[in-house]
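Engineer: just to be clear, the model below is a prediction. Sequence and coordinates:
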Amino acid sequence: MNNSFALIFIISLYFALHQTLLAQKKNDVSKNGTIDSLKTYTLGEVTVLPAKLTKSISQQSYKIEIPTIQSTEVFSANLLRFLLPSGAVRTNSRGETNFFLRGSGERQQAVFFDGMLLNQAYDNRADVSQIPMDVIGGIEVNPMSSSALFGANTMGGVISITTPELATISSEYMIRGQLNDHKARNISLTRFDKTEVFSSILNVSYFNSKGIGFDGFVDTTFRSNLSESLRDNTDQNRVNLLGRFEFTGHKTARIGVTLMNTSEERGVQSEAHLPTNTARFWRYNDRRRTIAILNAYTGDILSKSFSLKSSLWFDNSKQTIQQFPNEQYALIATEQFDNNVTIGARLLGVYNSNVGLFSFSLNALNVQQNEKILSNELQFKEVTSSIGIQYEHLFFSKLQVNLGGNINNNSTVEAGNFVSMNNTSRSQPTVFGKLSYSISKETTLHATASKTQRFPALREAFSGALNRFVPNPDLQAETGFFQEIGMNYQLNEQSNIRVNLFNNNYDNLITQVRLSAQEDSLRRRKRVNTTNATIRGIETSLQFQIDKFSLVGNYTLLQNNAENLGKIDTLENRPTQMAGLMIQSHNLFPFITTQFEIDFVGSSLQRNDANNSLFTEIAPTTIANFRVGIPINVENVNFDIGIRCNNIFNTLRFTQLGIVEEQRSILGTIFVKF
C-alpha cells in the first residue's frame, strides 16, 4: 500500500463514518452497556491533574480504558500491542519485551507506572511483560512526548500505565483463573475498597508457563519438547504482589502509595539463526523487582489557581543471568549478578493565570548499579536531571498554543572499568511548540514540532553484557527533530477518529554492528553513533459504537531512510505497516458476547550478521484472535466464562530474526466479580 492510497483510504473512512457517528451522538453509553465499576487511578498519571485546571482543546495522547484492556484477557501488558496506534512490541535477545512507537528504538521511549519511570534507568529499557493485566487501569500514549513535564530521555514518546480504582464508594473482589492448551496458567485475586476519603487495591497474581506454543519447525534448536510443541527455553514462573492506597484530605488534597514486588524465573529465546559460538543462551535464574511510589497532590490548599503534584519512588532490581555454551542449557559457562537501586523524583507546579497556564517541572534520577561476573565486580553510578517549563493558552476559544522546553543534564559518577569517564557530565536542551485549532465542536486540527534528545545509557556505553559487546565509552547523545500535523474528530467519549502525519529526523542514532574478525577475534557487537535517519508515516485510529457493536482500530504506514557514514542505509526491525482491530458484540445473542481481534505487522529488515551491509527481510504477518463469552449475574455476583482462540491460523511471526511469538493456543478464562 503506497502513501497516496493510504491517505485516500483514511479520508474516505472519515466521511463514511461521519453520519454513523452523528447517529450515535445521543446514545452515549459505555462499551459494556453500563458504567463500569472501575476507573483509572488519576493520581498515578503524570500530567492529568494539572491539565484539569484549565479548558483545553489540545489532544496530546491516546487513552486505552479499562473495559478494553480487561476484554483482551492477556497475561501481561506486552500483549496489548494491537491496541496501540503506531505501536509495536518486540522481544529482544535478552528476553525483554519493549514497546516501540512510530519506529523508535527500544531505549527511546519512556514507560511510566503510577507516576514512576518503569524504564531501568541503568539501561533505559522497560520490560512490560512483568506487569500483570489485572493491575492495569488505563494506558495513555503520547507518541510525540510534546510536554516539558516528563523529564529527560523521552524522545521516542511516552506510555503511562496506571492502576485501577473503584469509581464509586463500595468494596469489590475480582477473581480470575486462566489456562491454555500449552498448560500456561494464570491466577489473580484482587480486592478494591473506596470510602469518601480512602481507596485501596490489593492484588496477588501467579503466572506459570512451560513455554510458548510453537510448532513451526522440527529443528530441536527451536523446540524443547517435540510432543508438546514448545519453543526452546521460554518457560516462565512469575509472582506479583501489589498494594495501592490513597487518602483524600482537605480541599481535594490527595496522597497515595503504590507498592509492588515481582519475582520471576524465566528462560530466554536463543537467536536460532546464529551459529552456536555467537548466539546468546541465557536464563534468568532469579529476577526480582521491588518498587515503592509516593504520589501527592496539593489540590486547592495553596490556592485555587496554583497546585503542586509530586512523585517520589524507590526501585530495586536484582537478577541473576546464567549463560550457557549451547542449546542444551546443561552446563553454566558464567553468571552475572546485577543489583540496581534507583531513586527518582518529580515535582510539577501549575499556575492558572489570566494570561494562560504556566507549568514547571523538576525531574531527577539517581542510579546505582552493581554488576558482578565471577570475581570481577563493577560499580556504575549516574545522576540525570531535568528542569522544564511550559506555557498553554486558549485564544478566542478556538486556537490553543503550547510552548515549552527543558534543560537536561546527565552526570556519570562511576563508569566501571572506564575510570577516565568518572565524574563527567553533559547537558542538552529540548524545546517544543504546538498549535491546536477547533474547526467545530467535534473537529480539531493541530501541528506540533519538537527538538529532543536521549543520553546513552550506562549499559550501552560501559558494559560488555557478559562479553557479548565491546563497550564504547565515546557514545554521544542521540538528537531528534520531530514534526506532526493531524486531525481529531471527537463526537463523544466513545466515538472518535484521529489522523496524524509525522516526520521524525534523527541524528547520531546509536546502532549495533557486528565487528569483523580483524576488528575483534570474538566477533562481538558494538554500539556506534554512525546513523542519521528519517522516519515518516501516516497514523490513524478510530473508536465507535453501532447499536450492539463496538470497534477499536488503528493503522500506521511507516517509511524510513537512513545514512550510515555517508552511505545509504536502513533502520533495523522497523515494520513498514502496523494495524490493529478489535470488534465486540454485546447481547447480540442471548447470554453470549463475542470479540474478534486482528494484529497486523508489515515487513521489516534486519542487518545480516555476517555482513553489515546486507539485510534479511522479516515477512509481514497477520494474527487473528476470537473469543466467546457467557456473562452471568446471580444475586450481584458477576461471572464471565470465556474461551478464546489466539492466533487462529497458526501464523509464524518473528519479532526479530531467530525470536518468535506464540503460535495457536486455546485459552479458557473464568472471571468472578462481587
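Structural biologist: Okay, I see it.
Engineer: just for the stretch 551-674 of the chain, where's the confidence low?
Structural biologist: Counting by pLDDT under 70, the stretch 551-674 of the chain has low-confidence residues at 588.
Engineer: what are the boundaries of the strands in it?
Structural biologist: 567-569, 577-589, 592-601, 604-607, 615-618, 621-634, 637-646, 654-656, 659-660, 665-673 (DSSP state E, counting those that start in this stretch).
Engineer: distance to Ala121 and mean neighbour count added to those strands, as a markdown table?
Structural biologist: All C-beta atoms are positioned from the backbone trio N, CA, C, and that covers glycine. Formatted as a markdown table, these follow (distance: least, CB to CB, whole Å; neighbours: other CB atoms under 10 Å):
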| stretch | distance to Ala121 | mean neighbour count |
| --- | --- | --- |
| strand 567-569 | 30 | 13 |
| strand 577-589 | 28 | 18 |
| strand 592-601 | 29 | 19 |
| strand 604-607 | 28 | 21 |
| strand 615-618 | 30 | 14 |
| strand 621-634 | 33 | 15 |
| strand 637-646 | 34 | 16 |
| strand 654-656 | 24 | 19 |
| strand 659-660 | 25 | 21 |
| strand 665-673 | 35 | 17 |
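Engineer: who does whichever strand or helix holds Thr290 pair up with?
Structural biologist: For Thr290, the element it lies in under DSSP states H and E is strand 282-297. Looking at strand 282-297 with DSSP bridges, its partner strands are strand 254-267 (antiparallel), strand 306-323 (antiparallel).
Engineer: now render the ones you listed as CSV, adding mean pLDDT, distance to His446 and mean neighbour count.
Structural biologist: Formatted as CSV, the strands paired with strand 282-297 follow (pLDDT from 0 to 100; distance: least, CB to CB, whole Å; neighbours: other CB atoms under 10 Å):
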stretch, mean pLDDT, distance to His446, mean neighbour count
strand 254-267, 95, 31, 19
strand 306-323, 94, 25, 19
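Engineer: returning to that earlier point: buried set for the strand holding Thr290?
Structural biologist: Of the residues in strand 282-297, 282-284, 287, 289, 291, 293-297 count as buried by neighbour count, 16 or more other CB atoms under 10 Å.
Engineer: now Phe400, what's its secondary structure?
Structural biologist: Just so we're on the same page, residue 400 is Gln rather than Phe. Following DSSP: H, G, I helix; E, B strand; the rest coil, Gln400 is assigned to strand.
Engineer: distance of it relative to Leu435?
Structural biologist: According to CB to CB, to the nearest Å, Gln400 stands 7 Å off from Leu435.
Engineer: and if you look at Arg90?
Structural biologist: 34 Å.
Engineer: where does the stretch 201-350 of the chain have low pLDDT?
Structural biologist: Short version for the stretch 201-350 of the chain, where the test is pLDDT under 70: 216-228.
Engineer: who has more neighbours out of Arg90 and Leu435?
Structural biologist: Arg90 (21 against 16; other CB atoms under 10 Å).
Engineer: what's across from that one in the sheet?
Structural biologist: Beta-bridge partners of Arg90, counted by DSSP bridges, are Asn98.
Engineer: now do the contacts for it.
Structural biologist: 97-98, 100, 106, 573, 655-656, 659 (CB atoms under 8 Å, 6 or more residues apart in numbering).
Engineer: so Asn237 is in which element?
Structural biologist: Per DSSP H and E: strand 236-248 holds Asn237.
Engineer: quick one: list the elements packing against that strand.
Structural biologist: strand 198-209, strand 254-267 (3 or more CB pairs under 8 Å, 6 or more residues apart in numbering; DSSP states H and E).
Engineer: could you spell out the sheet neighbours of it, each with its direction?
Structural biologist: Partners of strand 236-248 in its sheet, by DSSP bridges: strand 198-209 (antiparallel), strand 254-267 (antiparallel).
Engineer: could you find the closest non-adjacent residue to Arg287?
Structural biologist: With CB to CB, 6 or more residues apart in numbering as the criterion, Arg287 has its nearest non-adjacent residue at 4.3 Å, and that residue is Gln319.
Engineer: what's the answer for Glu335, then?
Structural biologist: Gln322 (5.4 Å).
Engineer: next: Arg283.
Structural biologist: Gln322 is the one closest to Arg283 (CB to CB, 6+ apart), at 4.6 Å.
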